[in-house]
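Novice: Below is the structure, and that's it, no one-letter string:
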């Protein structure tokens, strides 16, 4: 057993004290912040997400704000989507790439108003990247981290909780859509989004001093729907094949290898960083693919480090995430494999810390 030493270098979220009172037991570090990863009963947290509603501290989803006369130009330079028709109140999933087409983050871009955007980040320092691009292209913009910290409610009863808190108008918000609002004077942005396939909302708190107050109001509203604490859930996310940047990717990974090609506007006139490289990758075809694996049927220790995968005795990639699926009653895994081993039905071997595991490649998602 080990612990993470706390200090000012690793920030706490505005919801930190509330998570402690709710019984948090485990943390990781994500975007230089403490990220809750468990409350002591993983199976209760899993089934709460599947059947009811959970409240998650996801303040680690830091925002990069881009605003100013050239904000549209910088946003388009960074994002491999055609933003010409992006509306205020609309979000777009955006797999950011470097000049060689390598994936460097997969945020959601939110258009707040004319010439003002947020990038809601996965785990990497895109603030520095965006500032560098803005400076070298001499764009007239401000690029900074605003006082914004998301709180998520996820699960099939999340909509009922949000409706009780905000009103029936939340039914009109489309996926990745959002609206500026408040909750009893607490300023926030309400978005239909979240890192699960069970449905839900994210409340982007815009006053970090009121984190515990917001948590308590959401918690109270959720009790009639069996709300409890939770975190982004490894079992559910592998079942749903949600991409975990850094976990499921390496430093050379590109969006086409991990199934994000539908989020690339390769034929649009919009120009963005990495476009020519991505077009060439698409022309040649990716050399690897993100796939699912079905493993031995007994529950096992989750994958904590990449596990080597071999095919016909030759190394072909790695397993990035492996869990026991309660709904499938089977061990399942996500892997990044060379294209010759990536077809459904292919038999491969996995070197886990305990033993060699036999596995079969399958399509994604599992559920």
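Specialist: Sure, I can see it. Note that the structure is predicted; figures quoted are calculated from it, not measured. Numbering: from 1, shown residues only.
Novice: does residue 249 belong to a helix or a strand, and which?
Specialist: Residue 249 is located outside every helix and strand, with elements delineated by DSSP states H and E.
Novice: if I look at the nearest residue to it once chain neighbours are set aside, how far off is residue 194?
Specialist: Nearest non-adjacent residue to residue 249, counting by C-beta to C-beta, 6 or more residues apart in numbering: residue 103, 5.7 Å away. (Glycine included, C-beta is placed from N, CA and C.) Computed as C-beta to C-beta, to the nearest Å, the residue 103 to residue 194 distance reads 21 Å.
Novice: can you check residue 94 too?
Specialist: Counting by C-beta to C-beta, the gap from residue 94 to residue 194 is 17 Å.
Novice: for residue 219, same thing?
Specialist: 17 Å.
Novice: Same drill for those two, tell me which one is more crowded.
Specialist: Taking other C-beta atoms under 10 Å, residue 219 and residue 194 do not tie; residue 194 has more neighbours (23 against 18).
Novice: need the helices for the chain, in chain order.
Specialist: 16-21, 42-51, 71-78, 126-136, 158-166, 211-222, 234-240, 275-284 (DSSP state H).
Novice: Could I get the buried residue list for the shortest one?
Specialist: Within helix 16-21, the residues that qualify as buried by neighbour count (16 or more other C-beta atoms under 10 Å) are 16, 18-19.
Novice: Dump these into a markdown table; add pLDDT and distance to residue 147 as well.
Specialist: As requested, the buried residues of helix 16-21 are exported to a markdown table (pLDDT from 0 to 100; distance: C-beta to C-beta, whole Å):
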| residue | pLDDT | distance to residue 147 |
| --- | --- | --- |
| 16 | 97 | 15 |
| 18 | 98 | 17 |
| 19 | 98 | 19 |
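Novice: sorry, back to before: isn't the residue nearest to residue 249 right up against residue 256?
Specialist: No - using C-beta atoms under 8 Å, residue 103 is not in contact with residue 256; the gap is 9.5 Å.
Novice: Quick check on those two: which one has the bigger neighbour count.
Specialist: A count of neighbours by other C-beta under 10 Å puts residue 103 above the other of residue 103 and residue 256, at 26 against 23.
Novice: which ones are touching that one?
Specialist: Each residue near residue 103 by C-beta atoms under 8 Å, 6 or more residues apart in numbering is listed here: 95-97, 245, 249, 253-255, 258, 260.
Novice: What residues are bridge-paired with it?
Specialist: With beta bridges defined as DSSP bridges, residue 103 has these partners: residue 97.
Novice: Low-confidence ranges, this structure, go.
Specialist: For the chain, the stretches with pLDDT under 70 are 1, 299.
Novice: Spell out which residues make up each domain of it.
Specialist: Dividing the chain into domains by automatic domain parsing, as the record does, gives the ranges 16-61+148-237, 287-367.
Novice: From residue 116, how far off is residue 141?
Specialist: Taken as C-beta to C-beta, the span from residue 141 to residue 116 is 10 Å.
Novice: what residues are shared contacts of these two?
Specialist: By C-beta under 8 Å, 6+ apart, the residues touching both residue 141 and residue 116 are 66-67, 71.
Novice: Closest one of these to residue 209?
Specialist: Closest approach to residue 209 among these (C-beta to C-beta): residue 67, at 22.6 Å.
Novice: what residues are up against the closest residue to the closest one other than its chain neighbours?
Specialist: Of all residues not flanking residue 67 in the chain, residue 116 sits nearest, at 4.2 Å (C-beta to C-beta, 6+ apart). Residue 116 sits next to 65-67, 71 when contact means C-beta under 8 Å, 6+ apart.
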